[in-house]
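K.L.:
With the sequence up front, the predicted model follows.
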Amino acid sequence: MTIGALIRAMRPRQWIKNLLVLAAPLAAGSILEADVIVPTIIALVSFTLASAATYLINDVRDIQSDRAHATKSTRPIAAGDVSKTTAIATAIVLLIVSLALAALTGIGLVVVIAAYLVATLGYSLGLKHEPVIELGLLAAGFLLRAIAGGVAADLEISPWFLLVTGFGSLALAAGKRFAELSDDPDQAHERRRSLAGYTPSYLRFVWTMSVAVTITTYALWVVEVGQPGSTLPWALLSIIPFVLAVLRYGVDLDAGRTQAPEDAVLGDPILLILGLIWVGVFGAGALGL
């Protein structure tokens, strides 16, 4: 075993999802304040460690099925590059450190990470085979990341923010499953049992409904986010790149070019640029520039 193989087993490519931890402090316009940025960074590191641990546990649990899979068989644990004992021991250490770091900010972040672990481990231990339930658990993982920064920094979280992130998370989950099912409908349920309970039209319906609610609630939320005295209505203007990014993501999903949000962001330069523009415009509105 090498350190490189162990790190690959923790799926660093998927750590990009943990940047959602920055969402609530950014939305509050307080992310640059010392008493906010420090606990936010702690929350980001804690979530990264916790998610890395759950990937290790999941791959140990699925080692036999992964070995029979065309691409998953190359994962370090399935390929034998990392032993099950090493993976479990590393996961335990990561979880302990994650919760210890979270405790530095208060009990709130500990509860959020504990909820994430319960949802993720429940998913890994069998609930991932249950249609709809597994969509809810996937969405919960995104949502808990999104509120973690606000909880760690003791910021008030807007109900609109929860609606946007909640339905946005459901859209990401449904989109991921839609792409997997569309990739090879005849073999999809053999790769993931829950896909046997879905049809492309159903997942398209869930994605469309979730996106519609997400865009509507986002448009209502940015009215609250905008700071008085800004040179331009940046928060309102952020609706444009937000909607364009969602539509671009939909193009990638419909074309079968992505099965995970991080793949879409890293694999589509136009989507990445739209995302960066949205962060800049939204940030200007939240900070009152």
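P.N.:
Cool, the structure landed. Numbering: from 1, shown residues only.
K.L.:
Touching, Y116 and G141? I think so.
P.N.:
Yes: using CB atoms under 8 Å, Y116 is in contact with G141, at 6.3 Å. Every residue, glycine included, has its C-beta placed from N, CA and C.
K.L.:
Now do the buried residues in the helix or strand hosting A5.
P.N.:
Counting by DSSP states H and E, the element that carries A5 is helix 3-9. Applying a neighbour-count criterion of 16 or more other CB atoms under 10 Å, one finds A5, L6, R8, A9 buried in helix 3-9.
K.L.:
Adding distance to V265 and pLDDT, write those out as JSON lines.
P.N.:
Shown next, in JSON lines, are the buried residues of helix 3-9 (distance: CB to CB, whole Å; pLDDT from 0 to 100):
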{"residue": "A5", "distance to V265": "25", "pLDDT": "85"}
{"residue": "L6", "distance to V265": "25", "pLDDT": "87"}
{"residue": "R8", "distance to V265": "20", "pLDDT": "88"}
{"residue": "A9", "distance to V265": "22", "pLDDT": "87"}
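K.L.:
Would you check which pair of the residues you listed lies furthest apart?
P.N.:
By the measure CB to CB, the buried residues of helix 3-9 have their two most distant members at L6 and R8, which lie 7.3 Å apart.
K.L.:
Overlap in contacts, the two.
P.N.:
P76 (CB atoms under 8 Å, 6 or more residues apart in numbering).
K.L.:
Tell me the helix or strand right after the helix holding A5.
P.N.:
helix 23-27.
K.L.:
Contacts for that following helix next, please.
P.N.:
With CB under 8 Å, 6+ apart, helix 23-27 has contacts from 31, 36-37, 40, 146-151, 153, 155, 157-158, 161, 165, 225, 279, 282-283, 286.
K.L.:
So for R204, what's the nearest residue that isn't a sequence neighbour?
P.N.:
In space, and not counting its chain neighbours, R204 is closest to F178: 6.2 Å by CB to CB, 6 or more residues apart in numbering.
K.L.:
Am I right that the one you found is in contact with W207?
P.N.:
Yes: with contact defined as CB under 8 Å, F178 and W207 form a contacting pair (6.0 Å).
K.L.:
still on that earlier bit, so who does the residue nearest to R204 touch?
P.N.:
F178 makes contacts with P200, L203, R204, W207, L253, as judged by CB under 8 Å, 6+ apart.
K.L.:
Report pLDDT for it.
P.N.:
According to the prediction, F178 has pLDDT 86.
K.L.:
can you pull the buried residues of the host helix or strand of it?
P.N.:
If you go by DSSP H and E, F178 is part of helix 159-183. For helix 159-183, burial by neighbour count (16+ other CB under 10 Å) applies to 160-182.
K.L.:
before we move on, back to that, now which of the contacts of helix 23-27 would you call buried?
P.N.:
Judged by 16+ other CB under 10 Å, buried ones among these: 31, 36-37, 40, 146-151, 153, 155, 157-158, 161, 165, 225, 282-283, 286.
K.L.:
what sits up against the helix holding A5?
P.N.:
Contacts for helix 3-9 (CB under 8 Å, 6+ apart): Y55, L56, D59, R75, P76, I77, D81, V82, T86, A87, T90.
K.L.:
can you give me the end-to-end distance of stretch 76-93?
P.N.:
19 Å (CA to CA, to the nearest Å).
K.L.:
mind listing what's buried in that stretch?
P.N.:
P76, I77, A78, A79, D81, V82, T86, A87, T90, A91.
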